[in-house]
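Colleague: one predicted model, sequence on top.
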Amino acid sequence: MPSPFPFAALVGQDEMKRALQIVAVDPSVGGVLILGHRGTGKSTAVRALPTLLPAIRAVEGCPYGCDPKEKGGSCDRCTSGSRPRSTEVPVPVVDLPLGATEDRVVGTLDLEKALTEGVRAFEPGLLAKAHRGFLYVDEVNLLEDHLVDLLLDVAASGENVVEREGLSVRHPARFVLVGSGNPEEGELRPQLLDRFGLSVEVTTPTDLDERIEVLKRRDAYDRDPEGFAKRWRSQDGRIRASLARARARVEKVKVPDATLTAASRLCLALGTDGLRGELTLIRAARALTALKGGSKVEVETLRTVAPSALRHRLRRDPLDDTGSTTRVERAIAEVLPG
């Protein structure tokens with residue numbers, strides 16, 4: 001399998017790249033929804049993400065990759081035994097295809113063991129593989145309703161419960177949900193839309209030089225994927241090191257009261273429902289501050305992340321036909337001038 005297209009080699013689409021790095025630093029920000037035209041690098045960026053993520057420690061032999069330092073929230077196998085041995089593993093990034101069956105997603109009876117050994121054993125699904133990592137759904141707006149319901153249940157509880165064919169299994173399933181799609185092909189259900197921490201809009205480049213650079217890099221990659229990846233390895237390495245440093249310092253970044261006030265004023269001006277918008281806005285700004293090496297969140301950083309954190313949380317206004325991004329930018333100019 002060829003090396004993925006290097007993250008550092010992506011041209012433009014700064015908001016998308018920033019959002020993916022933010023959730024890599026602080027998964028509590030929530031998932032990332034990437035909507036835009038076909039052929040704008042959405043899936044390419046997501047599939048390049050694993051090469052940037054520092055490895056994690058997991059319980060050796062655990063099918064769910066439980067954290068050996070975590071006392072609660074682990075599977076039965078990891079909580080019932082003695083102190084487990086750990087090993088270093090890459091952060092999982094799992095694709096959930098549109099045509100996936102429910103059994104493939106949640107897990108099912110291991111037929112091979114049932115037939116050969118006569119025992120009931122659980123075969124983990126995609127949700128188990130995505131634990132402590134990322135679950136990616138391309139064309140997420142076309143996902144079948146019963147799979148959307150499954151994702152909503154698991155995203156809310158952080159665990160997957162399977163009861164079927166004489167099996168009763170409960171295992172942790174905490175992951176960052178990343179979805180991409182073309183908004184012209186359909187809208188997301190409001191419940192699923194609310195589960196994404198950040199929403200990003202991508203468009204086809206209109207700058208001639210930028211388009212030419214995209215063509216050059218893509219053509220070079222298609223002709224020699226390994227050689228192209230090697231040429232960009234050092235740039236990807238710098239991003240990887242930046243993410244590792246940001247992860248280490250993000251909990252130490254302070255959020256002054258003035259910044260909290262600014263976030264709440266902005267959400268009040270936009271009429272967002274609940275407080276999830278403010279929480280996401282603050283967490284995203286804190287992660288971005290950590291990426292930049294800062295020690296406290298400034299109002300300027302709120303301005304940067306506000307469109308991504310709030311554009312998908314606005315109520316429809318029949319008297320205002322402007323787009324959600326324009327409404328957020330207008331509110332920023334009125335509430336947070338500078």
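Modeller: Perfect, thanks for sending it.

Colleague: state the phi and psi torsions of residue 172.
Modeller: Torsion angles at residue 172 (phi, psi; degrees, to the nearest 10) stand at phi -70, psi 140.

Colleague: please parse the chain into its domains.
Modeller: If you go by automatic domain parsing, the domain ranges for the chain are 14-202, 253-335.

Colleague: go through those domains and name the closest to residue 244.
Modeller: Nearest to residue 244 among the domains of the chain is domain 14-202; the distance by Cβ to Cβ comes to 4.9 Å. Heads up, the C-betas are built off the backbone N, CA and C, glycines and all.

Colleague: can you list the low-confidence ranges for the stretch 51-200 of the chain?
Modeller: Low-confidence segments of the stretch 51-200 of the chain (pLDDT under 70): 71-74, 80-84, 109-121, 165-166.

Colleague: quick one, helices of it?
Modeller: If DSSP state H, counting those that start in this stretch is used as the criterion, the helices of the stretch 51-200 of the chain fall at 76-80, 102-106, 111-116, 126-129, 145-157, 190-193.

Colleague: about what we covered before: just so I know, which of the domains of the chain lies nearest residue 8?
Modeller: Using Cβ to Cβ, the domains of the chain put domain 14-202 closest to residue 8, at 8.6 Å.

Colleague: what about the closest one, how long is it end to end?
Modeller: End-to-end distance for domain 14-202: 9 Å, by Cα to Cα, to the nearest Å.

Colleague: and the strands in this protein?
Modeller: Here the chain has its strands, by DSSP state E, at 31-36, 56-59, 86-89, 93-95, 107-109, 122-124, 134-138, 159-164, 167-172, 176-181, 196-202.

Colleague: let me have those in TSV, extended by mean neighbour count and distance to residue 46.
Modeller: Putting the strands of the chain into TSV (neighbours: other Cβ atoms under 10 Å; distance: least, Cβ to Cβ, whole Å) gives the following:
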stretch	mean neighbour count	distance to residue 46
strand 31-36	25	8
strand 56-59	19	18
strand 86-89	14	19
strand 93-95	18	7
strand 107-109	20	23
strand 122-124	19	22
strand 134-138	24	5
strand 159-164	16	22
strand 167-172	18	23
strand 176-181	25	6
strand 196-202	25	11
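
Colleague: export the ones you listed as JSON lines, with columns for distance to residue 216.
Modeller: Converted to JSON lines, the strands of the chain look like this (distance: least, Cβ to Cβ, whole Å):
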{"stretch": "strand 31-36", "distance to residue 216": "22"}
{"stretch": "strand 56-59", "distance to residue 216": "35"}
{"stretch": "strand 86-89", "distance to residue 216": "35"}
{"stretch": "strand 93-95", "distance to residue 216": "27"}
{"stretch": "strand 107-109", "distance to residue 216": "44"}
{"stretch": "strand 122-124", "distance to residue 216": "42"}
{"stretch": "strand 134-138", "distance to residue 216": "25"}
{"stretch": "strand 159-164", "distance to residue 216": "44"}
{"stretch": "strand 167-172", "distance to residue 216": "44"}
{"stretch": "strand 176-181", "distance to residue 216": "24"}
{"stretch": "strand 196-202", "distance to residue 216": "20"}
